[in-house]
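J.: Fold the following, please.
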Amino acid sequence: MAPIVSAILTSYNKSHTIGQAIESVLAQTMGNWELFIMDDNSNEETVGIIKRYLNDPRIYYFNSNIQDSERYKKTRYATLINGALLKAKGKYITYLTDDNIFLSERFRVMVDVLKQNRQVEIVYSQQIVRFLDENGKMQYEITRNTKGILNKPAGLVDHCSIMHTREIADKIFRKHGGYWDDDPAYWFNGDAAFWNRLTKFNSFYPIPKTLDIAFKGPESFQKLYAHLPNSIPNGTLVKGPSSEIYIIDNQERRKISPEIFEKLKYDHNQVVKIPDPFLFKYKEGIFIDDQIFLNLTLLPNQRLIKSPEHPAVYYIQNNKKHLIKNEKAFRDFKFQWNQIVIVSDQLLAELPDGLPIEALSNEITILPDGVLFHDEFYYISLNNHLHPIEERVAVKLNLPVTNPVRIGSSFLTKFKQGEPFNWKIVF
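T.: The predicted structure follows:
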């Protein structure tokens with residue numbers, strides 16, 4: 001028999017929840033379904049769990065084998081869904097992620113509504129969202145209620161809470177030459193982009209009943225991506241879901257060894273967790289290990305350094321050492337004494353000199369990179385430009401929004417403004 005429902009499960013490195021997602025499909029009271037597990041080249045642990053379920057002839061497994069360096073070029077889950085839709089044979093289509101579960105009656109309830117109301121082509125249900133801590137323990141939960149018949153469901157309906165007909169999907173394909181739009185602009189809201197296509201043909205019909213549960217932990221994509229600017233400023237410490245920590249330096253990602261992380265006086269509280277695709281969009285630069293203390297030209301920028309024999313303190317910027325002119329200049333830019341890295345006189349002498357950093361005044365000609373400024377709005381200094389930055393973006397990047405460098409309007413006219421660091425959702 002041809003399947004009635006085609007369920008599409010997208011998967012990437014969630015070994016702790018992928019099993020329960022698959023089992024929630026196996027537990028459906030209606031058994032005439034097919035499940036496409038579309039995995040985005042997950043780690044061995046995740047793939048190993050998936051393979052435990054492949055004896056069921058209704059389950060199909062596909063691995064994208066995507067390379068890390070290519071991840072950011074498409075909205076990956078949309079690409080995976082499109083691949084499954086080309087293979088799906090069900091009369092009805094529904095979606096699942098590796099951190100979501102269906103309640104056992106979901107398929108039956110949704111199919112019944114679609115069968116009994118031929119003018120309805122898209123249904124959506126209530127959803128419970130459970131927020132988890134670092135240990136996977138639930139902190140709290142909310143219910144996303146239905147909002148009646150929707151013509152503008154973007155931002156209101158999660159794609160794990162809908163089912164639609166195959167027929168309406170085919171209408172979209174004929175109009176757009178594809179199903180989901182996997183342009184990278186829609187990483188955060190690929191479902192909203194697809195909803196806009198769906199609602200050109202029909203509205204979302206509500207089922208006021210909870211039929212799925214979403215789990216949102218610290219590593220969920222939505223949490224990691226929220227308020228992240230399209231371009232990450234130089235000097236930002238970042239990490240993906242793995243344990244490696246990188247510094248964005250000259251718009252490259254440079255991995256830092258754990259030992260050198262401590263020696264360079266970095267703070268783990270400054271590390272920003274980001275999704276893998278946004279980490280891998282940066283070309284990998286030179287590994288930061290003990291070799292940097294043999295050649296200071298390999299030292300990452302935005303570090304304070306001095307020799308043990310002399311009181312002068314320098315700031316590394318554009319791969320040059322910039323003398324901090326006096327104690328007032330040090331205080332004006334909120335530098336911290338406990339972040340000074342000690343290096344030898346010989347190595348210090350080998351590093352090229354840059355312009356000195358003077359105390360904050362209208363006479364100043366050079367700004368230290370990576371400093372957060374504030375008058376009415378926030379700005380971050382990079383390459384002697386002041387870049388506007390949204391407060392929520394500054395918070396995401398662990399910048400000191402409660403203790404910025406205060407400036408007046410006259411100071412703003414002295415330096416050119418650079419491209420802003422904003423977070424945008426496109427609907």
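J.: shaky segments in the stretch 301-427 of the chain?
T.: 425-427 (pLDDT under 70).
J.: For the most centrally placed residue in the chain, give me its contacts.
T.: For the chain, residue 225 is the residue whose C-alpha lies nearest the centre (Cα atoms, centre = their mean; 2.9 Å). By Cβ atoms under 8 Å, 6 or more residues apart in numbering, the contact set of residue 225 is 187-188, 274-275, 278. Where you see a C-beta, it was placed from the backbone N, CA and C, and this is true even at glycine.
J.: if we go to 10 Å?
T.: 187-189, 274-275, 277-278, 396, 423 (Cβ atoms under 10 Å, 6 or more residues apart in numbering).
J.: ok, now residue 110?
T.: Contacts of residue 110 by Cβ under 10 Å, 6+ apart are 5, 30, 92, 94, 102, 123-125, 161-164, 207, 209, 211.
J.: one more time with 6 Å
T.: 123, 163 (Cβ atoms under 6 Å, 6 or more residues apart in numbering).
J.: So for it, what's the pLDDT?
T.: Looking at residue 110, its pLDDT reads 98.
J.: got it, and the one 10 residues further on?
T.: Turning to residue 120, the model gives it a pLDDT of 97.
J.: likewise residue 226?
T.: 88.
J.: That one - nearest residue in space that isn't next to it in sequence?
T.: Spatial nearest neighbour of residue 226, chain neighbours left out: residue 396 (7.1 Å); criterion: Cβ to Cβ, 6 or more residues apart in numbering.
J.: Tell me which residues touch residue 306, please.
T.: Here residue 306 is in contact with 313, 340 (Cβ under 6 Å, 6+ apart).
J.: Next: the one 3 residues further on.
T.: By Cβ under 6 Å, 6+ apart, the contact list for residue 309 reads residue 345.
J.: how about 10 Å then?
T.: Applying Cβ under 10 Å, 6+ apart, one finds that residue 309 lies in contact with 344-345, 348.
J.: So which residues of the stretch 301-427 of the chain form helices?
T.: Under the criterion DSSP state H, counting those that start in this stretch, the stretch 301-427 of the chain contains helices at 327-332, 345-350, 391-396, 409-412.
J.: Nearest to residue 196, out of these?
T.: Ranking the helices of the stretch 301-427 of the chain by proximity to residue 196 (Cβ to Cβ) places helix 391-396 first, at 24.9 Å.
J.: helices or strands up against the closest one?
T.: With contacts defined as 3 or more Cβ pairs under 10 Å, 6 or more residues apart in numbering; DSSP states H and E, helix 391-396 has these neighbours: strand 372-374, strand 378-382.
J.: Out of these, flag the one nearest residue 361.
T.: strand 372-374 (14.0 Å).
J.: Mind giving me the packing neighbours of that closest one?
T.: By 3+ Cβ pairs under 10 Å, 6+ apart, strand 372-374 packs against strand 378-382, helix 391-396, strand 405-406.
J.: quick one, which of those is packed in tightest?
T.: When these are scored by mean count of other Cβ atoms under 10 Å, the highest mean neighbour count falls to strand 378-382 (a mean of 23).
J.: Which strands or helices does that strand pack on?
T.: Here strand 378-382 touches strand 372-374, strand 385-388, helix 391-396, going by 3+ Cβ pairs under 10 Å, 6+ apart.
J.: now that strand, how far from the chain's geometric center?
T.: Centre-to-centre, strand 378-382 and its host chain are 22 Å apart (Cα atoms, centre = their mean, to the nearest Å).
J.: what sits up against that strand?
T.: Here strand 378-382 has contacts from 233-236, 302, 317, 333, 366-373, 385-391, 393-395, 397, 399, 401, 404-405, 407, 411-412, 415, 417-421, using Cβ under 10 Å, 6+ apart.
J.: Could you rerun that using 7 Å?
T.: Residues from elsewhere that reach strand 378-382 (Cβ atoms under 7 Å, 6 or more residues apart in numbering): 233-234, 367-373, 386-389, 391, 394, 399, 401, 404, 418, 421.
J.: Kindly report the same for stretch 26-44.
T.: 1, 3-13, 25, 47, 50, 58-66, 76, 80-81, 83-84, 87-90, 102, 104-108, 111.
J.: Just these: which are in helices?
T.: 25, 47, 50, 76, 80-81, 83-84, 106-108, 111 (DSSP state H).
J.: Turn those residues into JSON lines, columns for neighbour count and distance to residue 252.
T.: Shown next, in JSON lines, are the ones in helices among the contacts of stretch 26-44 (neighbours: other Cβ atoms under 10 Å; distance: Cβ to Cβ, whole Å):
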{"residue": "25", "neighbour count": "25", "distance to residue 252": "42"}
{"residue": "47", "neighbour count": "18", "distance to residue 252": "30"}
{"residue": "50", "neighbour count": "22", "distance to residue 252": "34"}
{"residue": "76", "neighbour count": "26", "distance to residue 252": "22"}
{"residue": "80", "neighbour count": "26", "distance to residue 252": "28"}
{"residue": "81", "neighbour count": "26", "distance to residue 252": "32"}
{"residue": "83", "neighbour count": "16", "distance to residue 252": "32"}
{"residue": "84", "neighbour count": "23", "distance to residue 252": "35"}
{"residue": "106", "neighbour count": "29", "distance to residue 252": "46"}
{"residue": "107", "neighbour count": "24", "distance to residue 252": "48"}
{"residue": "108", "neighbour count": "16", "distance to residue 252": "52"}
{"residue": "111", "neighbour count": "21", "distance to residue 252": "51"}
